[in-house]
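Novice: structure, please.
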Amino acid sequence: MPSSKFCSVCGQAQQEQQEQQEAAKKSIVGQALSQEAAARLNTIRLAKPDKGKQLEAYIVNLATSGRMMGKMTEPELISIVEELNKHTSKSTKVKFDRRRAALDSDSD
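Specialist: Numbering: from 1, shown residues only. From the prediction side, this is the model:
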C-alpha cells in the first residue's frame, strides 16, 4: 500500500512540474509574439495541434537562445510556418483498386 501512495505523490509532482513548464512556455511565446502572430499561432493550434506544438517549440527555442530580436510579427511567423512545411511535407498517395469495382457490377 505505501508504494501506491508514493506513486500518487510522484504523479502529482510530475503533473505540477509539467504544468509549470507549460505555463513557462506560454509565457515565453506570449512575450515573443505580436498580437496578430499569437492569434495566427492559436488558429494553427486549433487546426493542426501537432504542427502548433512544433511551431511553439521552435519559437521557444528561438526566444531562449537569444536569436529573436523584438517581437515576432505575423509575416515572420508565416515564413517560419512555410519553412517548417517544406521540411515536414507528407505526400499523399491514393490507390484505386479497379478490379473490385469491376466484380461488383450489377449489370448481370
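Novice: for the protein, which spans come out with low pLDDT?
Specialist: 1-8, 89, 91, 99-108 (pLDDT under 70).
Novice: which helix in it has the most residues?
Specialist: Counting residues, the longest helix found in the chain (DSSP state H) is helix 2-32.
Novice: how far out from the middle of the chain is that one?
Specialist: Averaging C-alpha positions (C-alpha atoms, centre = their mean, to the nearest Å) puts helix 2-32 19 Å from its chain's average.
Novice: could you list every helix and strand in contact with it?
Specialist: Contacts defined by 3 or more C-beta pairs under 8 Å, 6 or more residues apart in numbering; DSSP states H and E place helix 2-32 against helix 35-47, helix 49-65. C-beta coordinates here come from the backbone N, C-alpha and C atoms, glycine included.
Novice: let's have those helices in CSV, adding distance to Gln21 and mean neighbour count.
Specialist: Formatted as CSV, these follow (distance: least, C-beta to C-beta, whole Å; neighbours: other C-beta atoms under 10 Å):
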stretch, distance to Gln21, mean neighbour count
helix 35-47, 17, 15
helix 49-65, 10, 14
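Novice: list the buried residues of the longest helix of the chain.
Specialist: Lys25, Ile28, Val29, Ala32 (16 or more other C-beta atoms under 10 Å).
Novice: just those residues now: which is nearest Asn42?
Specialist: Val29 (10.2 Å; C-beta to C-beta).
Novice: pull the contacting residues for Phe46.
Specialist: Just so we're on the same page, residue 46 is Leu rather than Phe. Gly52 (C-beta atoms under 8 Å, 6 or more residues apart in numbering).
Novice: can we see that at 6 Å?
Specialist: Under the criterion of C-beta atoms under 6 Å, 6 or more residues apart in numbering, the contact list for Leu46 is empty.
Novice: residue numbering should commence at 285 henceforth.
Specialist: Sure, I'll start numbering at 285, so the last one becomes Leu330.
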